[in-house]
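S.K.: Here is my input, please return the structure:
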Amino acid sequence: MNILITAAGAPAFYSIFNLIKEEFKNCNIFSCDTDSENIGSKISDNFFIVPGGNDKKYPEKIKTIIEENKIDIIFPLSDPEVVAIS
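M.R.: Sure thing, here's the model as predicted:
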């Protein structure tokens, strides 16, 4: 299973990452953020830099990540990303 967690610099990221890893031992966790200086870039199986959730390029970038990495589940952690993805 491939899981994408967005907003890898968000306060909730580390807790969600650990809960997923405990529950799904064989999953791959991908993460993304607008900046690479965050915990997600260091501990995820793969990390991507993306535009901010309010950026008009965001939905297409996320779509590309999902398709190229065969993402099964996405956890958007910021409100603008939830709106852009929905």
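S.K.: Contacts only, for residue 12.
M.R.: Contacts for residue 12 (CB atoms under 8 Å, 6 or more residues apart in numbering) come out as residue 77. The way it works is simple: take the backbone N, C-alpha and C, and place the C-beta from them, glycine included.
S.K.: Tell me, what's the model's pLDDT at it?
M.R.: Here the pLDDT value assigned to residue 12 is 94.
S.K.: now it: how far from residue 79?
M.R.: 12 Å (CB to CB, to the nearest Å).
S.K.: same check, this time on residue 63
M.R.: Distance from residue 63 to residue 79, by CB to CB: 19 Å.
S.K.: Now the terminal residues of stretch 22-33, how far apart.
M.R.: 23 Å (CA to CA, to the nearest Å).
S.K.: which residues touch it?
M.R.: Residues contacting stretch 22-33 (CB under 8 Å, 6+ apart): 1-9, 13, 17, 20-21, 40-41, 44-50, 62, 65, 69, 71.
S.K.: switch to 7 Å and redo it
M.R.: Here stretch 22-33 makes contact (CB atoms under 7 Å, 6 or more residues apart in numbering) with 1-9, 17, 20-21, 40, 44-48, 50, 65, 69, 71.
S.K.: just the buried members of those?
M.R.: 2-9, 17, 20, 40, 44, 47-48, 50, 65, 69, 71 (16 or more other CB atoms under 10 Å).
S.K.: what secondary structure does the closest residue to residue 46 other than its chain neighbours sit in?
M.R.: Distances taken as CB to CB, 6 or more residues apart in numbering put residue 30 closest to residue 46, at 4.8 Å, once the chain neighbours are dropped. Applying DSSP: H, G, I helix; E, B strand; the rest coil to residue 30 yields a three-state assignment of strand.
S.K.: and residue 30, how far is that from residue 24?
M.R.: 13 Å.
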